[in-house]
Structure formats: C-alpha cells, structure tokens
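# The amino acid sequence is not available; the structure is as follows:
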C-alpha cells in the first residue's frame, strides 16, 4: 500500500499496440507461487497541471527500494539499502560494482556441475537456483524476444545469493513462433543482443537443476493455459478500454513511422487498430503458443514424448488441425 516511488510508463514498444501486454503478464505471474520480483501494474489517466496527458501504466519502480520491500528489508535501513548490488544486462552496474558478479560468472564458466559435486555446490552457494530458473522459465514461456531486460541483485551479508528481477515484457506473447528455448540457450548468448547466458547454460548441465527447470516450466505451462491467459487479457483490456478513445484523441495524430508504420492517425482508426492487435494476441498468439512451445522445448532438450508428458502433460492440439 506504500511505495518509495512509482513509475508512469507509456507501455514501451507496446504503446502502439495493446498497451497492456507488460502489465497483463505481470498479473498472470500472481496466479501461482512465483519466486521472482515483478512490478505491480495498474492503468491510470494522467493529467499534468490540469492538462490531459492520456493513459499510462502505473508500475512499481525497479530499484533498491522495491527489492528491499520484496525481501523484507526495513526501508529505513539505509546501510543495507545502499549495499544492495544491482546488475543489468550483460554486466552493467546499476548500484554497487560488477566486480564480484563478473568474477563469479568467470568461475562458473570453468565448472562441471554434472560430474563434480563441489562444482554443483558452488552454484547452490552463489545463485538462488529456484529464482534464477523461474526467470528463464517465465521468459521462455511467454516467448519474450528481448532477453536484455534482465536484472540481477544481491543483498549484503554472508550467505546472500544472486537473484533475478523481471521487468519490461513488451515482447512477451508477441510472436507464437519465437523459439525462445533455442534463442535463450545459444552458445553466443541470448536473443539478438547475445546477452551472456553462461550461468544458466552451466546450471542446466546438471541433471538435477535441469530437472528443476523443466519442472518449473511445466508448472507454468500447465497453469497459464490459453483459457487462463485469455481471461486475464479480457480483464486487462476492460480496464483500459474506457480511456482509449480520449487517449487516441490526444495522441493518434502524432504518428511516428520509425516506431510503427501501421499506426492510424485518427482516434476512430486507432481504436479499430487496437482491437485488431488485442485480438491477434488473444486468438492467435495465445492459441498457437502452447502447441509450438511444447515442440520447441522437446527439440531443444532432446526429450521423448514420455518425458514431455511427464513435465508438461500431453501436447496441446495443433490449432491448424481443428
């Protein structure tokens, strides 16, 4: 009910499409016992000095304060707050330095966790395994093609472990054909940006951790069904719909082709376009994604049909065959 600070966000790249994609996915994570910090979401109408400024998304700010709240740290404990290390992307230091993180990643690159028990123990001693594998499971499930949006953080103190923070899912549930397991496990790094994935690739060399990962991904897969996602999407779009006519009346004329060449320039045209984009995500991406992801996972991890059923249940029907 109280926050040190908040963010008013214009939906990122999704600002020209559904305007709810990121927040909708955050709310889906609340439907099961997630281990990963993600930002709360609420759509709002914004006025600046009495002038209408349109629809925005009110979000928690991703910083030391939100991390502290999630981890149960007293916000008045300034020494602890300022000692939280936060790393973004490959190794950018947001707070503190990246020295410890880079040294750990370099060490992990030399490990053989599936053959040397001490190497596996090193991973458990330094990484919050449950948190880390869930970040990857969530991103792979939604098919977010922008894996550069990753933050790692570590609280001060002996025994503290590195964790992930989830944010900016504007390209999640965007393209049902995005092969996220392959993209996230490329030897050259994740996604088009080739974000370093050394730690995760080493983790799943371990039979034990790979089983943990596939189990978690399977839980998400069987919990966030097409029907569950569509229902939550209906809730999200119903929240913003009453505001969109005014929003597009304010902004539709300011088309920027470098962002989206398809954007209409009239409020009425944009309302129709918004509905087309929402329907595409709801009736195409969400319908095809489970069937395709099941196959992508099987191919990437070289699993038999029996193993896939064990983790994920039977493969969803091919929508093209119905």
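Cool, the structure landed. Predicted, not measured: the structure shown is a model, and the values here were computed from it. Numbers count the residues shown, from 1 in each chain.
# Go ahead and measure how far the lowest-mean-pLDDT helix or strand in the chain is from the middle of the chain.
One helix or strand of the chain scores below all others by mean pLDDT, DSSP states H and E: strand 37-38, with a mean of 92. Mean-position distance between strand 37-38 and its chain equals 9 Å (CA atoms, centre = their mean, to the nearest Å).
# Stretch 157-175 now?
Relative to the chain's own centre, stretch 157-175 is displaced by 6 Å; criterion: CA atoms, centre = their mean.
# now do the same end-to-end measure for that stretch.
One end of stretch 157-175 sits 42 Å from the other (CA to CA, to the nearest Å).
# With stretch 216-232 instead?
Terminal residues of stretch 216-232 are spaced 21 Å apart (CA to CA).
# can you offset everything so residue one is 884?
Okay, residue one is now 884; in that scheme the one you just asked about reads as stretch 1099-1115.
# how about the closest residue to residue 1172 other than its chain neighbours, secondary structure?
Once flanking residues are discounted, residue 1172 sits nearest to residue 1059: 4.3 Å by CB to CB, 6 or more residues apart in numbering. The way it works is simple: take the backbone N, C-alpha and C, and place the C-beta from them, glycine included. Counting by DSSP: H, G, I helix; E, B strand; the rest coil, the backbone at residue 1059 sits in coil.
# Surely residue 1059 and residue 1026 touch.
Yes: the criterion here is CB atoms under 8 Å, and residue 1059 meets it with residue 1026 at 7.0 Å.
# picking up where we left off before, which outside residues touch the least confident helix or strand of the chain?
Contacting residues not belonging to strand 920-921 are listed as 909, 912, 945, 949-950, 953, 1046, 1048-1050 [CB atoms under 8 Å, 6 or more residues apart in numbering].
# before we move on, back to that, do you know the pLDDT at the residue nearest to residue 1172?
With respect to pLDDT, residue 1059 has a value of 97.
# How about the one 5 residues further on?
pLDDT, residue 1064: 98.
# Okay, buried residues for whichever helix or strand it is part of please.
Using DSSP states H and E, residue 1064 sits within helix 1063-1067. Buried positions in helix 1063-1067, judged by neighbour count with 16 or more other CB atoms under 10 Å: 1063-1064, 1066-1067.
# Next secondary structure after it?
Sequence order places helix 1081-1086 as the next helix or strand after helix 1063-1067, per DSSP H and E.
# by contact count, what packs against that following helix?
The contact analysis (3 or more CB pairs under 8 Å, 6 or more residues apart in numbering; DSSP states H and E) places helix 1081-1086 against helix 982-991, helix 1012-1025, helix 1090-1106.
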